[in-house]
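Novice: what's the 3D shape of this:
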Amino acid sequence: MQGAQRNSLKLLQWMMAASLALPIALFAIASAISYTSTKDTADREIERTLDVAHEHALKVFETIDRSLAELGEVARGLSDDTIRAREPALHRRLKRLADSLPQLKSAWIFDADGKALVNSLASPPPELDFADRDYFYAHVDQSIGTYIGTALTPRPPYQGARFFGMSRRRESDDGNFIGVIQASVLPEYFESFYARIGSDPGSFFAMGRADGAVLAHFPRLDRDFRLDPSGPVGQKIASSPEHGLITVTWPSDGIERRIGYRRVAEYPIYVSAGLETSAIRARWFATIGQHLVFGIPATALLFLLLAFAFRRTQHLQAEAAARREAEDALKHSQRLEALGQLTGGVAHDFNNLLTVIRASVDLLNRPQLTEERRQRYITAIADSVARAAKLTSQLLAFARRQTLKPEVFDVGQRMQSLHDMLATLLGPAIEIAMRLPGEPCLVNADAGQFETALINMATNARDAMQGKGRITFAVEATTAISGTAASIADNHGFVRITVSDTGIGIPAARLGRIFEPFFTTKQVGHGTGLGLSQVFGFARQSGGEVTVTSEVGQGSSFSLYLPRVPRDLLPQRHAPNTAPAVAGSGMSVLVVEDNLELANFAADGLTELGYSITLVDNATDALAELVVDADRFDVVFSDVVMPGMTGLDLAKAVRERGIGVPVVLTTGYSQALSLEGAAGFDLVQKPYSIEELSRVLHRAARLRRVRDGAAE
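Specialist: Okay, the predicted model is just below:
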């Protein structure tokens, strides 16, 4: 006793230590996971923001490029004297262009000496030489297409905000240099846009040339800035010139940031978006702080409770032996109370069902009962038994913690059963058309995941049509995956489920990314980018594939391929429980049941149907009966759970000894069956009806007669 008391104190001491060590360890693990998750979330935000900044920059440069091309067409073939003669009209045209584009400060046409022939700012332009500007001299010696210069300060008498030039070469018909067409672009236009989309703390944006010259920067800089091509950012861009992510201390302000960059199409321009690592850590600290708000008080309370329990245990163990009996009685009472709490909930439900059964039985015993009322009470009893059986089944399933497994099902039938749910999901403005095959198309897959994948494809189609249009669901058998060299090793092929819509379609440039996790073309808050990736993962895990064909303005078509299985793998459908009983016609049944009341119930019911019944209360005696004279019996009906030899042991012994009598098992729950299965024997689940039992026994005995060559 004293040893047990010392052990209990040590256990409490260990629990006190664990009450501190375990939360700390869990907190450390949760912190690491949370930090990784926060970084991943920040990277995804950076990528999404970078997408916006990239699309914005691309549209701006393309717009200005088109404007320069238009000005080039206007000035093509015109001599400098002609341009000077038309200067007022050209000035007005350039001014309208600059006023219509908020990103432009001005537009210019220069002669071969760098003198302004016309601009959008002043008419006529002052006699100034701009030949030393990079946007001019870059075109003198060769044709380089569109040139994007560095940030510059206006030259007096011109004034205002800084700009960088976009320019094109003017050429004569024989290809000689005759001047430049230039547009002055405002960096502050980009910086204002970045300020609007970068509302999160620590947001960062930059736009610069491939040689490191920074054109726009947010937060704004009050000085020119150029990245060193041999620095960390330059080396990263050199190794991955199109796009990438990097954590770097930004040279302009010395702040460490997580930055993503991307090249703007064919232009020698990169856009960058990022977050300060301190802002990312602040998010992580906020998340961890929420854990600490609840974790520290809970841990402290647990430790104090354990400390109190330790002190209390010491005090109790110091008491006299006279109190030990009272303590034992208290513990016994507590155990009974815990047992009562455990069974109370289940007992409550069963008592409700038993009350219905008992009341129905009492009412059935009343004299002069009409047939209608008698049938109503019998139905109430049957319904209550069915609900009790369902409750028991749910409890056993929970106890076994069963997991979902792939199952063989007909895709066409499953699609037909989902029609009403899809109609509700997609809305009344969408027309649903289904083309289902006449023959079964069987697959072996997780039905729940299949339905989820179908719903994801349907939802994606609905969003592509903005809630209005036509979606076609088609199911067909095929031997290969369209557009690939994949085929299946055997002759069963694939089942193709196609979901087609009449939506806006998907640009070809994006088709390669639509199955990537978190990639979405929807607006922020309207999609997670996980729907199609679930379809992709489900298809691959099931041994299949998913493909897509789309044309902008013509809709999209997603095809899910699942391996087809032979028709004979479809599970046989059991006869419904409402089928009538089968007469025994003298069939001999050996009933093995250790519960006398249940054995008599089965025997009486089967006897009324014309079966010949032999009762034994254990499997050992039943095996002895079979060894002595197996031909006496047409079938054995045995409970599984019995003292000594179980019903499953009996069935295996009958099989191993070559006794040609079929065995039908019955149980409400068996640990052996839950682990090993029914080993190929017929199984009747308790509670069962006499009608159901008669059908199973008759089927087992009939199969025996067919095997033995006897006439039915």
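Novice: which helix is the longest one in the protein?
Specialist: The single longest helix within the chain, with elements called by DSSP state H, is helix 2-75.
Novice: just how off-centre is whichever helix or strand comes after that helix within its chain?
Specialist: Note on helix 2-75: by DSSP states H and E, the next helix or strand toward the C-terminus is helix 80-85. Centroid separation between helix 80-85 and its chain, computed with C-alpha atoms, centre = their mean, to the nearest Å, is 66 Å.
Novice: surely V663 and A653 touch.
Specialist: No - using C-beta atoms under 8 Å as the test, V663 is too far from A653 to be in contact (9.6 Å). For the C-beta atoms, the positions are set from N, CA and C on the backbone; glycine is no exception.
Novice: more neighbours, the two?
Specialist: V663 (26 against 18; other C-beta atoms under 10 Å).
Novice: quick one: contacts for that one?
Specialist: 635-636, 638, 650-651, 654-655, 681-682 (C-beta atoms under 8 Å, 6 or more residues apart in numbering).
Novice: does G208 count as helix, strand or coil?
Specialist: With DSSP: H, G, I helix; E, B strand; the rest coil as the basis, G208 sits in strand.
Novice: so where's the stretch 201-350 of the chain uncertain?
Specialist: Where the stretch 201-350 of the chain drops to pLDDT under 70, the residues are 320-350.
Novice: what's the stretch of helix or strand Q314 belongs to packed up against?
Specialist: Assigned by DSSP H and E, Q314 falls within helix 277-317. On a contact count with 3 or more C-beta pairs under 8 Å, 6 or more residues apart in numbering; DSSP states H and E, helix 277-317 meets helix 2-75, strand 256-263.
Novice: so the longest one versus strand 256-263, what angle?
Specialist: Which is helix 2-75. Per axes from the mean of the first three to the mean of the last three C-alpha atoms, to 10 degrees, the angle that helix 2-75 makes with strand 256-263 is 40 degrees.
Novice: closest to V411 out of the helices and strands packed on helix 277-317?
Specialist: helix 2-75 (34.6 Å; C-beta to C-beta).
Novice: what angle separates the closest one from helix 277-317?
Specialist: Using the same axes, to 10 degrees: helix 2-75 against helix 277-317 is 170 degrees.
Novice: pLDDT on helix 2-75, on average?
Specialist: With pLDDT averaged residue by residue, helix 2-75 scores 87.
Novice: before we move on, what about stretch 648-666?
Specialist: Throughout stretch 648-666, pLDDT has a mean value of 90.
Novice: just stretch 167-174 next, same as before
Specialist: pLDDT averaged over stretch 167-174 gives 91.
Novice: give me the residues contacting that stretch.
Specialist: The contact list for stretch 167-174 (C-beta under 8 Å, 6+ apart) reads 68-69, 72, 75, 77, 109-110, 135-136, 138-139, 143-147, 149, 177-183.
Novice: dump the C-alpha coordinates for that stretch into PDB.
Specialist: The C-alpha coordinates for stretch 167-174 follow below in PDB (Å, rounded to 0.1, in the frame of the first residue of the first chain):
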ATOM      1  CA  SER A 167      10.900  56.100 -77.400                       C
ATOM      2  CA  ARG A 168      11.100  54.800 -80.900                       C
ATOM      3  CA  ARG A 169      13.400  55.600 -83.800                       C
ATOM      4  CA  ARG A 170      12.200  57.700 -86.800                       C
ATOM      5  CA  GLU A 171      13.600  56.400 -90.100                       C
ATOM      6  CA  SER A 172      13.600  57.600 -93.700                       C
ATOM      7  CA  ASP A 173      12.500  55.300 -96.400                       C
ATOM      8  CA  ASP A 174      16.000  54.100 -96.900                       C
END
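Novice: and it, what's buried?
Specialist: Neighbour-count burial for stretch 167-174, counted by 16 or more other C-beta atoms under 10 Å, picks out 167-170.
Novice: look up the pLDDT of S192 for me, please.
Specialist: The model reports S192 with a pLDDT of 93.
Novice: for it, give its distance to W250.
Specialist: For S192, the distance to W250 equals 21 Å [C-beta to C-beta, to the nearest Å].
Novice: those two: which is more packed in?
Specialist: It is W250, of S192 and W250, that has more neighbours when counted by other C-beta under 10 Å, with 20 against 15.
Novice: and S585, what is it in contact with?
Specialist: Contact analysis of S585 by C-beta under 8 Å, 6+ apart lists G610.
Novice: swap that for V385, sorry
Specialist: 353, 357, 687.
Novice: mind checking which of those are buried?
Specialist: Counted by 16+ other C-beta under 10 Å, these give 353, 357 as buried.
Novice: all helices for the stretch 601-712 of the chain, in order.
Specialist: Under the criterion DSSP state H, counting those that start in this stretch, the stretch 601-712 of the chain contains helices at 619-628, 647-656, 671-676, 690-708.
Novice: that older thread, and the contacts of V663, which is closest to A477?
Specialist: Distance to A477, by C-beta to C-beta, is smallest for D682 among those, at 34.0 Å.
Novice: apart from its chain neighbours, what residue comes closest to that closest one?
Specialist: Leaving aside its sequence neighbours, D682 sits nearest to V664 (C-beta to C-beta, 6 or more residues apart in numbering; 4.5 Å).
Novice: so what's that neighbour bridging to?
Specialist: Residues in a beta bridge with V664, per DSSP bridges, are F637, D682.
Novice: now do F494
Specialist: Note on F494: beta-bridge partners by DSSP bridges are T478, P563.
Novice: that one contacts I481, correct?
Specialist: Yes - counting by C-beta under 8 Å, F494 does reach I481; the two are 6.6 Å apart.
Novice: pull the distance from the host helix or strand of A107 to the chain's centre.
Specialist: Using DSSP H and E, the element containing A107 is strand 104-111. Taking C-alpha atoms, centre = their mean, one finds strand 104-111 lying 53 Å from the centre of the chain it belongs to.
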